[in-house]
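**Q** coordinates only, sequence not included:
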Ligand code: SAM
């Protein structure tokens, strides 16, 4: 089937378009199509987006957009959207996810302008899928603050959340954040996903202390997603373990229930499985 739609223009409105986080092959067919047919591209950095468009053989007017710049650039883009198709991209990945766009989308929706989204690469989700950490519940909390007190307050505020935490972190600060985790949450599993989709992609898992030692000895380069498994239940006695197993057995097989309780408590999975079979038999 031939597709000649790139010659036709798009209905006016806002198109939120995800772009690759490293590997250019990760752009979607739909993203390419919309970039070819749109009228204007709003971006964070015209040089970065200019390079991507050049790679795709596309030439479009670029307008720099930043949620923090005074409303002027937003007003200008809203004006375009009333009559033209405006694409919003960020330097890499999904716009709005630790990137500009939230206010633009809000204003466009409030005005009743058509807004649609073209999903694609997102470092947080790519890191989660690679980490091997539980993904039934997760919380993305953006960048870890750089200052020590703010970082400690931020991490403390997340400490009781029963979910895998997904954070963005930088190489120079990673060891310090891991040091905090080693001190305060020593039992939780941690994964560092680095340079996702790029040549030197790496995902390293372990305790915060093991990872801190590793990255202190060889400081990491490139972009990083830091993932922290759910909290471990502390000082679990037999009655607690039985209660957790009984709860898990309501919806899962014995092996799955044992694995879940082992993850939550740090107790031995085989012993929990044996106990789950006993509870099942009762
Ligand atoms: N909107 C982007 C997304 O959808 O992932 C995130 C933008 S945020 C400004 C940039 C941060 O995302 C980086 O500092 C890093 O923490 C993370 N990141 C982006 N690309 C990455 C990659 N290829 N590998 C690991 N982390 C990445």
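**A** That came in fine, so what should we check first? None of the values given here were measured: they were computed from a predicted structure.

**Q** Distance of the single nearest residue of the stretch 1-150 of the chain relative to the ligand relative to residue 265?
**A** Closest approach between the stretch 1-150 of the chain and the ligand, counting by Cβ to the nearest ligand atom: residue 93, at 2.5 Å. The C-beta positions use only the backbone N, C-alpha and C, and glycine is treated the same way. Here the distance between residue 93 and residue 265 works out to 35 Å (Cβ to Cβ, to the nearest Å).

**Q** So which of the two has more stuff around it?
**A** In this view residue 93 and residue 265 are compared by other Cβ atoms under 10 Å, and residue 93 has more residues nearby, 25 against 19.

**Q** For the more buried one, which residues are in contact?
**A** Taking Cβ atoms under 8 Å, 6 or more residues apart in numbering, we find residue 93 in contact with 18, 19, 20, 21, 99, 120, 121, 122, 123.

**Q** on that earlier part again, residues contacting the nearest residue to the residue of the stretch 1-150 of the chain closest to the ligand once chain neighbours are set aside?
**A** Of all residues beyond its chain neighbours, the one nearest residue 93 is residue 21 (4.6 Å), with distances taken as Cβ to Cβ, 6 or more residues apart in numbering. When contacts are counted by Cβ under 8 Å, 6+ apart, residue 21 touches 92, 93, 121, 122, 123, 126, 196, 197, 223.

**Q** Now intersect the residues you listed with the strands, please.
**A** residue 223 (DSSP state E).

**Q** Next step: the contacts of residue 93 restricted to helices.
**A** Among those, the members falling in helices are residue 123 (criterion: DSSP state H).

**Q** hmm, back to that, could you give the bridge partners of the residue of the stretch 1-150 of the chain closest to the ligand?
**A** For residue 93, the beta-bridge partners are residue 19 (DSSP bridges).

**Q** can you give me the strands for this structure?
**A** Listed from the start of the chain, the chain has strands (DSSP E) covering 13-17, 40-43, 62-64, 85-88, 115-118, 138-143, 164-170, 189-194, 202-207, 223-228.

**Q** need those strands in CSV with mean neighbour count, can you?
**A** Below are the strands of the chain laid out as CSV (neighbours: other Cβ atoms under 10 Å):
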stretch, mean neighbour count
strand 13-17, 23
strand 40-43, 25
strand 62-64, 16
strand 85-88, 26
strand 115-118, 17
strand 138-143, 15
strand 164-170, 21
strand 189-194, 23
strand 202-207, 16
strand 223-228, 24
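
**Q** JSON lines for the ones you listed, including mean pLDDT and distance to residue 105?
**A** Supplementary listing: the strands of the chain in JSON lines, determined by pLDDT from 0 to 100; distance: least, Cβ to Cβ, whole Å:
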{"stretch": "strand 13-17", "mean pLDDT": "98", "distance to residue 105": "7"}
{"stretch": "strand 40-43", "mean pLDDT": "98", "distance to residue 105": "11"}
{"stretch": "strand 62-64", "mean pLDDT": "96", "distance to residue 105": "16"}
{"stretch": "strand 85-88", "mean pLDDT": "98", "distance to residue 105": "8"}
{"stretch": "strand 115-118", "mean pLDDT": "98", "distance to residue 105": "6"}
{"stretch": "strand 138-143", "mean pLDDT": "98", "distance to residue 105": "17"}
{"stretch": "strand 164-170", "mean pLDDT": "98", "distance to residue 105": "20"}
{"stretch": "strand 189-194", "mean pLDDT": "97", "distance to residue 105": "27"}
{"stretch": "strand 202-207", "mean pLDDT": "96", "distance to residue 105": "31"}
{"stretch": "strand 223-228", "mean pLDDT": "98", "distance to residue 105": "23"}
